[in-house]
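J.: below is the sequence, then the predicted model.
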Amino acid sequence: MQTSSPLIGERELSKLKWRCRRGLLENDLFIERFFKRYEASLTVDQAQAVTDLMDLSDNDLLDLLLARKEPQGALATADVMALLPLMRASA
């Protein structure tokens, strides 16, 4: 994903990974694969989109990751919409 946002710092990345720990193994698998693929190039804007997704319940997050649903309302930002295909492709 191309963006002008700066890369996330190492400390912020560590905090984000901790924040991404989930109760459902399925979510953890998506998230783990996403970080393996993109952590070196993760931007501040993308990190905020990940944080926004982590505010969801496990089941709502899984529905988005499996493309059963699309983001609605305040969650349907350009950054979240651009991030979801990256997370889905990580499966």
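T.: Arrived safely, thanks for sending. Numbers count the residues shown, from 1 in each chain.

J.: okay, CA-based contacts and neighbour counts for the rest of this
T.: Fine.

J.: apart from its chain neighbours, what residue comes closest to Met87?
T.: Spatial nearest neighbour of Met87, excluding adjacent residues (Cα to Cα, 6 or more residues apart in numbering): Phe34 at 5.4 Å.

J.: outside of the helix or strand harbouring the one you found, which residues touch it?
T.: With secondary structure defined by DSSP states H and E, Phe34 is part of helix 25-38. By Cα atoms under 8 Å, 6 or more residues apart in numbering, the surrounding residues in contact with helix 25-38 are Cys20, Arg21, Arg22, Asp58, Leu61, Leu62, Leu65, Leu86, Met87, Arg88, Ser90, Ala91.

J.: and of these, the nearest to Thr51?
T.: Nearest to Thr51 among the contacts of helix 25-38, counting by Cα to Cα, is Cys20 at 7.8 Å.

J.: residues touching the closest one, list them.
T.: Here Cys20 is in contact with Asp28, Ile31, Thr51, Met54 (criterion: Cα under 8 Å, 6+ apart).

J.: ok, the last one - contacts?
T.: Shown in contact with Met54 (Cα under 8 Å, 6+ apart): Arg19, Cys20, Leu61.
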